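Novice: What follows is a predicted protein model with its sequence.
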Amino acid sequence: MDAADTVRVRFAPSPTGLLHVGGLRTALFNWLFARHCGGRFILRIEDTDRKRYDPRALPDLLESLRWLGLDWDEGPEVGGDYGPYFQSQRIHLYQEYARQLVESGAAYYCFCAPERQGADDARPESRRGAATGYDRRCRWIDPHLAAERVAIGEAAVIRLKMPLEGHTTFHDLIRGDITVENSTQDDVVLLKSDGYPTYHLANVVDDHLMRISHILRADEWIATAPRHVQLYKAFGWQMPAIAHLPVVLDPSGKGKMSKRKKIAPDGRALPVHVRDFREAGYLPEAMFNYLALIGWRYDAHTELMTRQEIIERFTIERINPTAAAFDYQKLDYFNGVYIRQLSVDDLTDRLLPFVQRKGWQVEHETLRRIVPLIQERIERLDQVTEWVDFFFVEQLPDYDAQLLIPKQADAAATRHRLQRAREVLAQVEPFTHDAIEHALRTLAGQLGVKTGQLFQPVRVAVCARTVAPPLFGSLEVLGRERVLQRIDQALAKLSGASQQAAQ
RNA sequence: GCCCCCAUCGUCUAGAGGACCAGGACAUCACCCUUUCAAGGUGGAGACAGGGGUUCGAAUCCCCUUGGGGGCACCA
């Protein structure tokens, strides 16, 4: 028997909202484990909560997984031998298995009204603060009587009979043995009164029927694992191996990554949903690499790895149990590294939508000439617009004339330098990076000023900013005509400024 | 409140009793390079939560405390 037959893992999200990074990380680890082992990665949709169902969720999920390059071997749109892969299409199965448990005495019908259960303050004083929310009243009803009540149509749920004494132990691949006193456990609902299963039932039934070999799920499921163990026991099924992944924490380390957007110090909204990361200009390959490192590590030194390297090196043994804060700064760094590794053509393609989104009419060929100037200056694709705006606007935004004047110079000196620069730039042939550089450096020598003292006024004149892409390349792309025109405008601005100063 | 999980620099982590006066990465600071900003280079600062054990020897094993996280739904 080869691994393809033995290792079967699944990502089983609930379509209640947009996929967020925490979910993506869980999917990634499952996918990595499957690919490492040559096993199967299964996508199952746990749509058993009719109240929270969100129609946007499924398309967003599929798109997000594909964006990161996580392909599934069985599931929506690809099918498979163990379908259907939507739990809403398997309701009859869960009902059947739930009834089976009632018949075997492992579960029972409960007729209690929902209001009588649940919330702590709704419980009798004697049970307040107790671990279990439900007092098991219906557990003691005679099974035949209960069956009759169900037969005449009385609303009921089906609950699992947890052992009242002893303890339940299971082996977590990452944490080792975990033991829980059964007395602290609830008689969990398996089948709701609307006939839909709860997570606990559907999950166990499907994992078994779909022959899942390993469960890699988020940390927050640890508390419910004992009831799953008892469920497998009640069915007489072998439980898959199980590992609980460390949760992804908020950047502050306080609490898990919430689904609400966060605000960065610079005011922009920090992405939380996968689609937000894409729209902010994170590269899937950078995201893939960074996400793999949340809770997993290959060795002491290696962090930047290709997708293939990560697949080859990924093992459950090297997943650590500690919750980890999501570090946007480090993600940005990774993204910058991956952006710099891209070919100019590739980066241009990826940048184009961000530039066009801004409303500028830009051709691939034009942007392609600019990309080398900014490639090592951006960490996110969306930052491109801050760098290239002056290439595409007809009229430069108004800027403070003072920016033109370098420290250790005044308006008059600056005017002079700009005039000379204009003359030189009007003549230089060809109007290319090297020729421009040579001409301007020569001019600086003739003027007896440091290069920066000459370059700054020119830079501000053409870019309207002091921080901009490299000057000579920018001038070449802008072309002589626009450069001269903008220097003229700067000169006019300077005369205006000096006249004002004189008055 | 109860149950469970976790605990090394600000953050992510390496470390599976001696190779650790604890290594790497991000962030940070300084310097170099330099037409601005970056990128790159060099260097600096920065942690084993506390207390008990076990041991010749503990970041590594055990216990307690503290701290953090997660869970306690007819949600997943």
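Specialist: Happy to help now that I have it.
Novice: what about the helices in the stretch 151-300 of chain A?
Specialist: For the stretch 151-300 of chain A, applying DSSP state H, counting those that start in this stretch gives helices covering A:199-209, A:225-235, A:274-279, A:284-292.
Novice: Let me fix that, I meant to ask about the stretch 351-500 of chain A.
Specialist: Taking DSSP H, counting those that start in this stretch to define them, one finds helices in the stretch 351-500 of chain A at A:364-374, A:384-392, A:411-427, A:433-447, A:451-463, A:471-478, A:480-502.
Novice: Mind checking if the first one is in reach of RNA strand B?
Specialist: No - if you take C-beta under 7 Å from any atom of the strand as the test, helix A:364-374 misses RNA strand B, and the best it gets is 8.0 Å. Just so you know, the C-beta spots here come from the backbone N, C-alpha and C atoms, and that holds for glycine as well.
Novice: helices and strands around that helix, which ones?
Specialist: Judged by 3 or more C-beta pairs under 8 Å, 6 or more residues apart in numbering; DSSP states H and E, helix A:364-374 is in contact with helix A:344-357, helix A:384-392, helix A:471-478.
Novice: Please apply the same query to the last one.
Specialist: Applying 3+ C-beta pairs under 8 Å, 6+ apart, one finds that helix A:480-502 contacts helix A:411-427, helix A:451-463.
Novice: does RNA strand B sit close to that helix?
Specialist: No - Helix A:480-502 does not reach RNA strand B (C-beta under 7 Å from any atom of the strand); its nearest approach is 14.0 Å.
Novice: what comes up buried for that helix?
Specialist: Residues of helix A:480-502 classed as buried under the neighbour-count rule (16 or more other C-beta atoms under 10 Å) are A:480, A:482-484, A:486-487, A:490-491, A:493-494, A:497-498.
Novice: mind putting the residues you listed in a markdown table, pLDDT included?
Specialist: Listed next are the buried residues of helix A:480-502 as a markdown table, based on pLDDT from 0 to 100:
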| residue | pLDDT |
| --- | --- |
| A:R480 | 95 |
| A:R482 | 95 |
| A:V483 | 96 |
| A:L484 | 96 |
| A:R486 | 96 |
| A:I487 | 96 |
| A:A490 | 94 |
| A:L491 | 93 |
| A:K493 | 88 |
| A:L494 | 84 |
| A:A497 | 60 |
| A:S498 | 59 |
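Novice: Serialize the residues you listed to TSV and add fields for distance to A:R35.
Specialist: Formatted as TSV, these follow (distance: C-beta to C-beta, whole Å):
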residue	distance to A:R35
A:R480	54
A:R482	51
A:V483	52
A:L484	57
A:R486	53
A:I487	57
A:A490	57
A:L491	62
A:K493	60
A:L494	62
A:A497	63
A:S498	68
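Novice: one step back: which of the helices and strands packed on helix A:364-374 sits closest to A:A409?
Specialist: Nearest of the helices and strands packed on helix A:364-374 to A:A409, taken as C-beta to C-beta: helix A:471-478 at 17.3 Å.
Novice: and the angle for the closest one with helix A:364-374?
Specialist: Angle between the axes of helix A:471-478 and helix A:364-374 is 170 degrees (criterion: axes from the mean of the first three to the mean of the last three C-alpha atoms, to 10 degrees).
Novice: average pLDDT across helix A:471-478?
Specialist: Regarding helix A:471-478, the rounded mean pLDDT is 97.
Novice: name the helices or strands packed onto that helix?
Specialist: helix A:364-374, helix A:384-392, helix A:433-447, helix A:451-463.
Novice: can you rerun that using 6 Å?
Specialist: Applying 3 or more C-beta pairs under 6 Å, 6 or more residues apart in numbering; DSSP states H and E, we find helix A:471-478 packed against helix A:364-374, helix A:433-447.
Novice: quick one: low-confidence parts of chain A?
Specialist: A:1-5, A:115-132, A:259-260, A:497-503 (pLDDT under 70).
Novice: Kindly report the residues of the stretch 151-300 of chain A close to RNA strand B.
Specialist: Counting by C-beta under 7 Å from any atom of the strand, the residues of the stretch 151-300 of chain A near RNA strand B are A:155, A:157, A:175-176, A:178-181, A:184, A:186, A:189, A:192-194, A:196-199, A:203, A:219-224, A:246-247, A:249, A:253-256, A:293-295, A:297, A:299-300.
Novice: Ignore what I typed, I meant the stretch 401-503 of chain A.
Specialist: Counting by C-beta under 7 Å from any atom of the strand, the stretch 401-503 of chain A comes close to RNA strand B at A:437, A:451-452, A:455-456, A:459, A:466-472.
Novice: Which one (most neighbours) among those residues?
Specialist: Among those, the one with the most neighbours (other C-beta atoms under 10 Å) is A:R459, at 22 neighbours.
Novice: who's in contact with that one?
Specialist: Residues near A:R459 by C-beta atoms under 6 Å, 6 or more residues apart in numbering: A:468, A:471.
Novice: Can you give the domain ranges for chain A?
Specialist: Residue ranges for the domains of chain A, per automatic domain parsing: A:90-245, A:262-382, A:401-502.
Novice: Quick check: end-to-end length of stretch A:270-285?
Specialist: 19 Å (C-alpha to C-alpha, to the nearest Å).
Novice: returning to that earlier point: closest to A:R139 out of the residues of the stretch 401-503 of chain A next to RNA strand B?
Specialist: Nearest to A:R139 among these: A:V467, at 70.9 Å, using C-beta to C-beta.
Novice: List the residues that contact that closest one.
Specialist: With the criterion set at C-beta under 6 Å, 6+ apart, A:V467 makes contact with nothing.
Novice: do the same with A:R35
Specialist: A:I311 are the contacts of A:R35 under C-beta under 6 Å, 6+ apart.
Novice: If we only consider the buried residues of helix A:480-502, which is nearest to RNA strand B?
Specialist: Distance to RNA strand B, by C-beta to the nearest atom of the strand, is smallest for A:V483 among the buried residues of helix A:480-502, at 14.0 Å.
Novice: residues touching that closest one, list them.
Specialist: A:425, A:462, A:475.
Novice: The second one: neighbouring residues, count only.
Specialist: As a burial measure, A:V462 scores 25 neighbours (other C-beta under 10 Å).
Novice: How is the nearest residue to A:R52 once chain neighbours are set aside assigned, secondary-structure-wise?
Specialist: In space, and not counting its chain neighbours, A:R52 is closest to A:T16: 4.2 Å by C-beta to C-beta, 6 or more residues apart in numbering. For A:T16, the secondary-structure state derived from DSSP: H, G, I helix; E, B strand; the rest coil is coil.
Novice: Does A:T16 touch A:P55 like I think?
Specialist: No - at 10.7 Å, A:T16 and A:P55 do not qualify as touching, with contact defined as C-beta atoms under 6 Å.
Novice: more neighbours, these two?
Specialist: Set A:T16 next to A:P55 and count neighbours by other C-beta under 10 Å: A:T16 wins out with 14 against 8.
Novice: how near is that one to A:I215?
Specialist: 20 Å (C-beta to C-beta, to the nearest Å).
Novice: Please apply the same query to A:V344.
Specialist: 44 Å.
Novice: Who has more neighbours out of the two?
Specialist: Taking neighbours as other C-beta under 10 Å, A:V344 and A:I215 compare with A:I215 leading, 22 against 14.
Novice: That'll do, ta.
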